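Q: sequence first, then the predicted structure:
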Amino acid sequence: MLPVATGILKKGDDLTAILAKNMKLEEGDIIVISSKAIATIEGAAIDLSTIRPTDEAKSWARRSGRSPAFSQAVLDETARLHGRITGGSTQAILTELKPAGFTGVLLVPNAGLDQSNIAEGEAIGWPLDPVASVRTLRKALQERAGVRLGLVISDSNCTPRRWGVTAFALACSGFHPLSSQIGRKDLFDRPLTITQEAVADQLATAGNAVMGNADQATPAAVIRDHGIAFTDFEGWVPGIDPKEDLFQNGW
């Protein structure tokens with residue numbers, strides 16, 4: 001896992017050139033890149049001073065401890081991503097999202113929006129179209145480096161009932177995000193029945209370990225010698241429907 005420092009990124013930066021300048025890419029490398037970094041250079045930051053909070057946003061602001069403008073941005077982003085509010089806490093509005101083309105649902109705080117690593121008075125979320133972003137960036141990097149690459153767009157997240165931040169993969173290109181182990185035998189010759197390896201999510205967290213979430217200015221990582229087979233997959237990393245979620249409902 002090789003961290004790629006870029007300095008502070010801004011709207012309009014040539015991310016392909018910046019990444020290539022700061023890391024010599026090799027055949028088969030998989031790059032993990034922060035969704036916020038891509039959203040920043042694509043100009044997806046939200047100027048909170050332009051937001052006019054509704055009464056609903058003001059109510060959520062009182063409950064979550066976030067500003068009314070930020071709360072309204074969360075409501076707007078939730079609507080854009082065909083989602084709904086599922087609850088709240090003293091730190092966040094909890095959202096369930098189903099972006100166009102996504103399988104299952106995404107459970108994330110604040111519809112993926114954040115106010116860290118962005119200029120004062122702004123909020124930043126995901127690229128407007130992560131699948132288009134992963135396609136465009138991978139193609140540009142491959143053409144520039146002259147090698148075949150994989151790419152993961154990641155975001156940091158919290159796991160329920162666990163302390164600390166890990167990461168998950170929003171979209172990936174060049175390899176399949178899941179590896180089914182169903183039917184494979186365990187150490188005692190019993191067949192596995194439900195196990196699937198979350199390949200893209202594991203790579204996202206591995207990359208996040210060297211990227212950091214504070215002032216490191218390291219929004220990317222290269223994962224090398226990984227042994228993962230490349231494929232033609234390109235798209236959202238799928239989720240699951242709530243009715244199939246082990247943690248959604250008990251008997």
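A: Yep, it's here. Numbering: from 1, shown residues only.

Q: could you list the low-pLDDT ranges of this structure?
A: 249-251 (pLDDT under 70).

Q: please, where are all the helices along it?
A: Assigned helices in the chain, in chain order: 15-22, 35-41, 55-64, 68-80, 130-145, 199-211 (criterion: DSSP state H).

Q: let me have these in a markdown table, extended by distance to residue 237 and mean neighbour count.
A: Quick note: C-beta positions are derived from backbone N, CA and C, even for glycine. Formatted as a markdown table, the helices of the chain follow (distance: least, CB to CB, whole Å; neighbours: other CB atoms under 10 Å):
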| stretch | distance to residue 237 | mean neighbour count |
| --- | --- | --- |
| helix 15-22 | 20 | 17 |
| helix 35-41 | 12 | 26 |
| helix 55-64 | 27 | 16 |
| helix 68-80 | 19 | 21 |
| helix 130-145 | 9 | 19 |
| helix 199-211 | 5 | 22 |
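
Q: dump those into TSV; add distance to residue 108 as well.
A: Shown next, in TSV, are the helices of the chain (distance: least, CB to CB, whole Å):
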stretch	distance to residue 108
helix 15-22	23
helix 35-41	11
helix 55-64	14
helix 68-80	10
helix 130-145	13
helix 199-211	13
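
Q: ranges for the strands of the stretch 151-251 of the chain?
A: Per DSSP state E, counting those that start in this stretch, the stretch 151-251 of the chain carries strands over the ranges 165-173, 178-180, 196-198, 220-223, 234-236.

Q: before we move on, back to that, so which of the helices of the chain gets nearest residue 120?
A: Proximity to residue 120, assessed across those by CB to CB, is greatest for helix 68-80 (12.5 Å).

Q: tabulate the strands of the stretch 151-251 of the chain in a markdown table, adding columns for mean neighbour count.
A: Putting the strands of the stretch 151-251 of the chain into a markdown table (neighbours: other CB atoms under 10 Å) gives the following:
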| stretch | mean neighbour count |
| --- | --- |
| strand 165-173 | 23 |
| strand 178-180 | 14 |
| strand 196-198 | 13 |
| strand 220-223 | 24 |
| strand 234-236 | 18 |
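
Q: nice, that's everything, thank you.
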